[in-house]
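Novice: here is a sequence together with a model predicted from it:
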Amino acid sequence: MAMAALVKETDFEALAYAYVKKGHEQGVRHAEIFFDPQAHVDRGVALSAVIHGLNAGLLKGEKEFGITTKLICCFVKHLSVASALATVESVIPFVKNGEVRLHSTWIQLWDFIKVLLL
C-alpha cells in the first residue's frame, strides 16, 4: 500500500510539498487539505510527525508558490466513534496552536461528551 511509505516527518513534508507544487502547475491559489490522523497513528506513526511534516511541506509550498493552505482534520468513517473521539482529543493541542483546523462543533461536542462521561 502506498501509505506505507509515509512514516517519517520528512515523508509527510515531501507529500504536502508535491501536492502544492502540482496545485501551482494547475493554477491553484488556495487549498484546504484534509487528512486522516487515524490512518497513520493506527500504523504506529506519531501524530506530531504527520502534522508537523504536512505543515512543513505546505509552508515550503506557500513560500515558493504563493499558495495558501489550511490543514483540516477528518475521520475515517469505518472506524468506531470511540476512535474518532480519541482522535479529536489528541488533535486539540494542534488545533489550539493553529497547526490544524477542526470544525468548532467538534471541540464543543468533545467538551460536552467529557462532561457526560465524568
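Specialist: Okay, I see it. Residues are numbered from 1 along each chain as shown.
Novice: give me the distance between stretch 9-20 and the centre of its chain.
Specialist: On the basis of Cα atoms, centre = their mean, to the nearest Å, stretch 9-20 sits 12 Å off its chain's mean C-alpha point.
Novice: okay, helices next: where are they in this protein?
Specialist: 9-25, 37-41, 47-65, 81-96, 104-117 (DSSP state H).
Novice: lowest average pLDDT across those?
Specialist: Ranked on mean pLDDT, the bottom entry among the helices of the chain is helix 104-117, at a mean of 60.
Novice: re the thing from before, can I get the helices of the chain in CSV with mean neighbour count?
Specialist: Any C-beta I mention is one placed from the backbone N, CA and C, and that applies to glycine too. Output for the helices of the chain, formatted as CSV (neighbours: other Cβ atoms under 10 Å):
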stretch, mean neighbour count
helix 9-25, 17
helix 37-41, 19
helix 47-65, 19
helix 81-96, 16
helix 104-117, 11
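Novice: make JSON lines from those helices and add distance to C74 to it.
Specialist: Shown next, in JSON lines, are those (distance: least, Cβ to Cβ, whole Å):
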{"stretch": "helix 9-25", "distance to C74": "16"}
{"stretch": "helix 37-41", "distance to C74": "9"}
{"stretch": "helix 47-65", "distance to C74": "13"}
{"stretch": "helix 81-96", "distance to C74": "9"}
{"stretch": "helix 104-117", "distance to C74": "10"}
